[in-house]
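Novice: Got a sequence here, can you model it:
(one chain, ligands or ions: 1)
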Amino acid sequence: MYEDLVTLIDIQNLEKQLQDEKLVLSEIEKEKELDSLLIRFKTIKESLNNYNESLELNVKAYRELEIKLIDVQEELSSLEEEIYSGKSNSKELHYMLQEKDNNRELVNNYEEELMRKLEEGELFRDEIDKYSLEEEKLSKLIEEVRFNYAKEIQVLEDKIKSLQDEIIKLESKISDKLLNEYKTKGERLGFQLACYIKQDGICGGCHVKIPSRTLRDINNHKTAKCDECGRYLVIEKN
Ligand SMILES: [Zn+2]
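Specialist: You can find the predicted model right below:
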């Protein structure tokens, strides 16, 4: 029975380690670092999409203006041709000169507008370059973090597996009766059905002083439980 109880304490310790590793694993799986990176990545993507859309509209508007400008310039040169042909009377000439001025002004306006569109397009391109660079860096970082998590998780899972294997191996070494008692009563006792007696004759489970009668029994190789908490008491032999 003594050996069984010592083995049970080993099982309990392994079980404790197992729970700790599982906790670490669940913490890693809940890890917020990746979440915040993914949120940032999404924001960058959205900005990038917005700037690309704006640039597309800008390019379209620029082309439309160019076409308008060409039309007005064509009209302007045909007006000039007619004005200089000398075929028109003064009334017609007056009207055409006015038209010419109007078209000149339109040309100026279109040219100014084109310059503005060009500058605006440059700004959009700069922003797109900036965000693309950031997107690239961030996606590399996310890949790295994911890789490291996967590695960490693998290490922990291996550890958990080996602890579980070790527990199963040790469980096969103790009597079915004790194992059964551990499985049924263990939970109530925080999975500590057996514990070592502390140096000053204190129960390692509940820290209450063990009566000298019980200590004598244990020293005489009898199996005894703590009166207070009901755990098996075991002398630690080094
Ligand atoms: Zn106790």
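Novice: Which residues does stretch 104-114 contact?
Specialist: Stretch 104-114 is contacted by residues Tyr62, Leu65, Glu66, Lys68, Leu69, Val72, Gln73, Leu76 when judged by CB atoms under 8 Å, 6 or more residues apart in numbering. The C-beta positions use only the backbone N, C-alpha and C, and glycine is treated the same way.
Novice: Put the alpha carbons of stretch 102-122 into CSV.
Specialist: C-alpha atoms of stretch 102-122 as CSV (Å, rounded to 0.1, in the frame of the first residue of the first chain):
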residue,chain,number,x,y,z
ASN,A,102,-15.8,82.0,-73.5
ASN,A,103,-14.0,78.9,-74.9
ARG,A,104,-10.6,80.4,-73.8
GLU,A,105,-11.9,80.7,-70.3
LEU,A,106,-13.2,77.1,-70.4
VAL,A,107,-9.8,75.9,-71.6
ASN,A,108,-8.2,77.7,-68.7
ASN,A,109,-10.7,76.2,-66.2
TYR,A,110,-10.2,72.7,-67.6
GLU,A,111,-6.5,73.0,-67.5
GLU,A,112,-6.5,74.2,-63.9
GLU,A,113,-8.9,71.4,-63.0
LEU,A,114,-6.6,68.9,-64.7
MET,A,115,-3.7,70.1,-62.6
ARG,A,116,-5.7,69.7,-59.5
LYS,A,117,-6.7,66.2,-60.5
LEU,A,118,-3.1,65.4,-61.2
GLU,A,119,-2.0,66.6,-57.8
GLU,A,120,-4.9,64.7,-56.1
GLY,A,121,-3.9,61.5,-58.0
GLU,A,122,-0.3,61.9,-56.8
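Novice: Counting residues, what is the longest helix that this protein contains?
Specialist: The longest helix of the chain (DSSP state H) is helix 90-171.
Novice: From Leu57, how far out is the closest residue to Leu193 other than its chain neighbours?
Specialist: Of all residues not flanking Leu193 in the chain, Tyr182 sits nearest, at 4.7 Å (CB to CB, 6 or more residues apart in numbering). The gap separating Tyr182 from Leu57 is 72 Å, by CB to CB, to the nearest Å.
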